[in-house]
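S.K.: here is my input, please return the structure:
(chains A and B)
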Amino acid sequence: MSRNTVQPNGWVAIRLPSEVTRVLQVVPHTTISLGKYGSFPSNLLIERPFHLTYEIQDKLDGESFPRLRVVPGTELNADKLADVSATESADADEVIEPANGEELTLVDESGKVVARSTREVIDESARQTLTMAEIDQLKKEGAAAGKELIAKLMLSHTAIDQKTAYSLAKYKLLKEKKYMRRFTVLPLDVAMLGHWMLFERDGSKVMEMRQEMIGLLGCWADVHFGGLPIDGEQGPHGGRWLAVDDTGGLLVAAMAERMGILHAEPLEGEQATKEAVEDEENPKTQPAGDEADAAVADPSASPKAQRSRPKRPRKDDLDNHYALTNSITLIHANSQPNLSLLRHFDYEHSDPNPPYPYHPLFTNLLPISWLQLLDPESDPTYSEPVPEVDSDVLSSWKTNRRANYHRKRRRWARTRQIVDATLAGGFSGLAIASTMDPISVLRHALPLLAGGAPVAIYSPTIEPLTQLADCFSIGRRGAWVSNPPAEAEGKAAVELENWPGTAEFPINPALLIGAQVQTSRARRWQVLPGRTHPFMTEKGGASGYVFTGWRAIPAEGNITARGKFNNRKKAKTG
Amino acid sequence: MTKPSTFLVPGEKTSAGTLAIISLSRDNFLPLTLEKSTGAVDGYLEGATLNTRFGSYPHSTLLDVPWGSQVRASEVDTGSRGKKRRRDATDEDTPIASQDDDEDSAAANAPVKKAVTAPSGFIYILRPTPELWTTSLPHRTQVVYTPDYSYILHRIRARPGTRIIEAGAGSGSFTHASVRAVYNGYPRDAADTKGKVFSFEFNESRYHKMQAEIGEHGLDGLVQLTHRNVYNDGFLVDGKSPKATAVFLDVPAPWEAVHHLSRRKVKKGGEEAEEDSNWVSPLDPKQSVHICTFSPCIEQVDRTVTELRTLGWVDVDMVEISNQKINISRERVGVNFPSERGFNSSPADVAEAITKLKNLAERNNETNRVRALQLGTEGLDSEMDVDSTPSRDNRPLNGSDGAAGDTERLFMQGRLVHRPEGDLKTHTSYLVFAVLPCEWTEEDEAAAMAKWPCGNEKKTIGNLDKQARKEEKRKMLEGKAKSKKQKKANDTRTSQVVVSATATPTDTA
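M.R.: Reported below is the predicted structural model:
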């Protein structure tokens, strides 16, 4: 489970008043700048809880940095609670009131504003009388975290008294979004990362996969904690999921979150070591020498601190590296999978030798390429073992060469373990979010699934999924049994699992039942007293579709009514 | 705990005493607890038997097979058994139970008859998942369906290890989905804290049914069901805090219950309640808590949101999920298709229409000619009649072009189309989400401040404002200038060297 406070060098999402989200790593002893909303020291966030909203305050005399004030939820909600249609709006007024006690006549007036007819036309010439220069000056002063500026803006609007209560509230909200020096610190989890990628980065990088789709995919693929390893079991067992992910790791992250292997668990007794590390990094207890400088400046220097933690267990190069249960096997189309988004969860896939303690994904995520799966012998990393070298010879080698030797042997052993475990099949479920043709993926992935294992495939467009569903249409399934293609004649069900596919039967249609395609969409509403309605605009683009089904194990032989008696079947059940 | 739930640890094969979901046909699922019979059960010589309109299935044929297996129907004598019962009932007004029992027990002592495979009929046996359970469970209340609960569980951050409060267990669909989400192993003992669902149900009969279901499904220890009115009595379990970080309220008036889910004792509407040292919060004090309420009406949403906002919940967000199942079929349009259900024998395109019309015209001409020959001179009047007659009969058309249909198999013909299914669920409920951050006191802040002192910031991260950008640029330029100067010095030196180097050959030349 993710930790409940902001960690040094940990990733967070910061939501600004304009609803824009920033994702950043909280490096200790730095200044975090939020552009026009101001800046503050990163240390003011570290080890504070999530979901708090802060206000950037004015610098105190004699201090070089602004402090933050936690804005309580009740204060945040005051505006939204105020029923603007009523004559009383005392709560809202309180928020406008500037700290310096300057008299603002608007406060009293707006309190008396009764809802006007919305038809009343506001004078065309009604404008903001503050000039840009004046506004800039006020912004620089930044008094009362922007509240004063907003109050003055409203005061200086020539037609403020002609606005209806609704438009007044809207005007204030608009100005708050622009000038309030507030922000909210949110944990960066899969939901947040997905939202950020979709709304603020390039949505196409995650195949425009929305939250609804991530939820559906996880549920229909039945992804959950796959159990602890059972003592004495040598082979893979328990819950193991198969994935094909072209979303840069978002799907894998979502699955890992559901399986409890996305976040590194804090080690027992870590608290003590952590504190020691912090002392070390603390520039006040240490003279601000070059070394401290480097540690502060370079975020990648933080693993250095981790090295003081317990040593990694020594293992033989050829020992089993990967977990036998609760794992994700990722089939990818390149020599290395693209899992760049996982770095937001402190997992760097390209690092073959990360510092101990390992991230759970280091042992529970098994990447395998399509070549390794379908033709392992032509993949050199799999088929060419590194010959064992005598320990005497080994010790005579240079460190570099020795390290290389160990690395290669480890890599070979790991690939071997992955390929063997994957080919053994028996996976508990399959989740796909891929740009590849789902028919070709399923043709090779279906045989690897255990009977009854669910399949869930996401696609931003429906066409690939309709074609896939058509492969399992009633007509085709019927024809497969009653009038099988010549190539399938006389073959046992086990042989037919690896049906190579023909134009008529791209996949063995008997291997999957319950093929279904669905789409889901969340519609957001604005809920305000007297002003509740769905949002006027939403992000368009792909709604996304999910194909679901279950791996079936067809009965041997002809199963139609006129079929001959099948003695094999009877022998099997009896 | 003897055996983990098949929902969570399904194993490879079906086994006795566990739940399986039978797939009878598309969208027709049936939950079934498999039994191992030692003798005849209920008059069936084969032991416990499942009877469906797709055939009869003795449990013996369903046991110890891999999940997902297609199972053939068996020849089960259902007729005589039924008849005997009925005869008993008609012979005497009150059927003699003892006689029946005697016969049954006599039959039960006999070994189980081996099932004989029937010539037709089959089902699939699937491992239970919350999705399948949701579509097949016995309805007691409105069910929270997969599109809703998948989104809710994702949003309220229900993950392995989460402790989740659910009020209004209802039919148990959300309970099953949430237990899968929070499952991270069965607790070894009472002190072992694992992910757990704390479920509350007000209706007594539903409570008892639900309790039985939890036991049957092997979820004891993972789901703790309490019979309680949460509006009045809150969410503590045996006086202890569940330490929840996620809450799902599917009750008619969530605003009556929310004030129990607070950090400090408050009354409904946010009024400060009198201090009570015995009061315990049901929430985890160290973590943010996510809530979701599930209400069908907008008025309920209004009141819930107001109450949540009054109590200091933040990030209040309301959404509505609309889910559509998509029908995928082949649309077969063309003059060559038979005029049957599932086909449309009108022309597929303009060219086909033209061909058809031309054919018709030709045939009309032919018929006219024949008629004219037959009738001789009288034929002139009947022209109006002949116009319509041949168009009814387009069989020859089909016959002549029928070969085209044979080259392509039926399931490959026509255009692949999709459309939403006939019955749409346009509204289930409104989902209100909110977050309650943990309390952060002055002392906490002072401690954190002491640990992480400020004022020694070296670098700026994030979005740089004008000033910071300027500063950075200045520093960069400064650094560059320095290196440039050095470089210049180096350059001049190297150029000198070059000059001298080029000078040498000319010298020698």
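S.K.: going by C-alpha atoms from here, please, whenever you check contacts or count neighbours.
M.R.: OK.
S.K.: phi, psi of whichever residue of the stretch 351-500 of chain A sits closest to chain B?
M.R.: Chain B sits closest to residue A:452 of the stretch 351-500 of chain A, with a gap of 3.8 Å, by Cα to the nearest Cα. Dihedral angles of residue A:452 (phi, psi; degrees, to the nearest 10) stand at phi 80, psi 0.
S.K.: that one: what's it in contact with?
M.R.: Each residue near residue A:452 by Cα atoms under 8 Å, 6 or more residues apart in numbering or on different chains is listed here: A:550, A:551, A:552, A:553, B:66, B:67, B:68, B:69, B:125, B:126, B:127.
S.K.: tell me how far the closest residue to residue B:232 other than its chain neighbours lies from residue A:470.
M.R.: Leaving out its chain neighbours, the residue that sits closest to residue B:232 by Cα to Cα, 6 or more residues apart in numbering or on different chains is residue B:257, at 7.5 Å. Separation of residue B:257 from residue A:470 (Cα to Cα, to the nearest Å) stands at 49 Å.
S.K.: wait, residue A:419 touches residue A:367, no?
M.R.: No. Contact criterion Cα atoms under 8 Å: residue A:419 and residue A:367 do not qualify, at 9.3 Å.
S.K.: can you give me the distance of the residue nearest to residue B:232 to residue B:69?
M.R.: Note on residue B:257: its distance to residue B:69, by Cα to Cα, is 46 Å.
S.K.: ditto for residue A:327
M.R.: Distance from residue A:327 to residue B:69, by Cα to Cα: 25 Å.
S.K.: look at those two and report which has more neighbours.
M.R.: Legend: neighbour count by other Cα atoms under 10 Å in any protein chain shown for residue A:327 and residue B:69, higher for residue A:327 (29 against 23).
S.K.: quick check: residues of the stretch 351-500 of chain A near chain B?
M.R.: A:450, A:451, A:452, A:453, A:466, A:467, A:469, A:470, A:473, A:475, A:476 (Cα under 8 Å from any Cα of the partner chain).
S.K.: tell me which of these fall in helices.
M.R.: Within those, residues falling in helices by DSSP state H are A:466, A:467, A:469, A:470, A:475, A:476.
S.K.: format those residues as a markdown table; extra columns: neighbour count.
M.R.: Formatted as a markdown table, these follow (neighbours: other Cα atoms under 10 Å in any protein chain shown):
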| residue | neighbour count |
| --- | --- |
| A:466 | 20 |
| A:467 | 18 |
| A:469 | 22 |
| A:470 | 21 |
| A:475 | 14 |
| A:476 | 23 |
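S.K.: which residue in the residues you listed has the weakest pLDDT?
M.R.: Least confident of these in the model: residue A:475, at 87.
S.K.: ok, that residue - contacts?
M.R.: B:410, B:411.
S.K.: mind running it again at 7 Å?
M.R.: Residue A:475 sits next to residue B:411 when contact means Cα atoms under 7 Å, 6 or more residues apart in numbering or on different chains.
S.K.: so how far is residue A:317 from it?
M.R.: 53 Å.
S.K.: domain parsing for the chain?
M.R.: Defaulting to chain A. Chain A is divided into the following domains under automatic domain parsing: A:1-188, A:190-264+A:318-574.
S.K.: sorry, I should have been clearer: chain B.
M.R.: Chain B breaks down by automatic domain parsing into domains covering B:19-128, B:133-320, B:327-420.
S.K.: which one of these lies closest to residue B:459?
M.R.: Residue B:459 lies closest to domain B:133-320 among those, at 30.3 Å (Cα to Cα).
S.K.: straight-line length of that closest one, end to end?
M.R.: 23 Å.
S.K.: now do stretch A:226-237
M.R.: Terminal-residue distance, stretch A:226-237 (Cα to Cα): 9 Å.
S.K.: touching chain B at all, that stretch?
M.R.: Yes. Residues of stretch A:226-237 contacting chain B under Cα under 7 Å from any Cα of the partner chain: residue A:227.
S.K.: what are the contacting residues of that stretch?
M.R.: Here stretch A:226-237 has contacts from A:238, A:239, A:240, A:259, A:324, A:325, A:326, A:421, B:185, using Cα under 7 Å, 6+ apart.
S.K.: surely the second one touches residue A:428?
M.R.: By that I understand residue A:239. Yes. Contact criterion Cα atoms under 7 Å: residue A:239 and residue A:428 qualify, at 5.7 Å.
S.K.: the two: who's more crowded?
M.R.: Shown here are residue A:239 and residue A:428; by other Cα under 10 Å, residue A:428 has more neighbours (30 against 27).
S.K.: contacts only, for that one.
M.R.: Contacts here follow Cα under 7 Å, 6+ apart; on that basis residue A:428 touches A:239, A:240, A:241, A:449, A:450, A:453.
S.K.: just give me the neighbour total for residue A:403.
M.R.: Using other Cα under 10 Å, residue A:403 has 12 neighbouring residues.
S.K.: looks to me like it is in a strand.
M.R.: No. Using DSSP: H, G, I helix; E, B strand; the rest coil, the assignment for residue A:403 is helix, not a strand.
S.K.: measure it to residue B:336 for me?
M.R.: Separation of residue A:403 from residue B:336 (Cα to Cα): 72 Å.
S.K.: likewise residue B:418?
M.R.: For residue B:418, the distance to residue B:336 - Cα to Cα - is 23 Å.
S.K.: what's the helix or strand for whichever residue of the stretch 101-250 of chain A sits closest to chain B?
M.R.: Chain B sits closest to residue A:215 of the stretch 101-250 of chain A, with a gap of 4.7 Å, by Cα to the nearest Cα. Per DSSP states H and E, residue A:215 falls inside helix A:211-220.
S.K.: other residues contacting that helix?
M.R.: Contact with helix A:211-220 is made by A:191, A:255, A:431, A:454, A:456, A:458, A:520-522, A:544, A:546, A:548, B:131, B:147, B:150-151, B:154, as judged by Cα under 7 Å, 6+ apart.
S.K.: so the closest residue to residue B:182 other than its chain neighbours, which of the three states?
M.R.: If the residues on either side of it in the chain are set aside, residue B:182 comes closest to residue B:160, at 4.0 Å by Cα to Cα, 6+ apart. State at residue B:160, reduced to three classes by three-state DSSP: coil.
S.K.: tell me which element residue B:115 is part of?
M.R.: Using DSSP H and E, residue B:115 sits in no helix or strand.
S.K.: just want the most central residue of chain B.
M.R.: residue B:146 (3.3 Å; Cα atoms, centre = their mean).
S.K.: in contact with that one, which residues are there?
M.R.: Residue B:146 is in contact with residue B:131, counting by Cα under 7 Å, 6+ apart.
S.K.: so what's it scoring on pLDDT?
M.R.: With respect to pLDDT, residue B:146 has a value of 94.
S.K.: give me the number of residues near residue A:173?
M.R.: As a burial measure, residue A:173 scores 17 neighbours (other Cα under 10 Å).
S.K.: cheers, nothing more for now.
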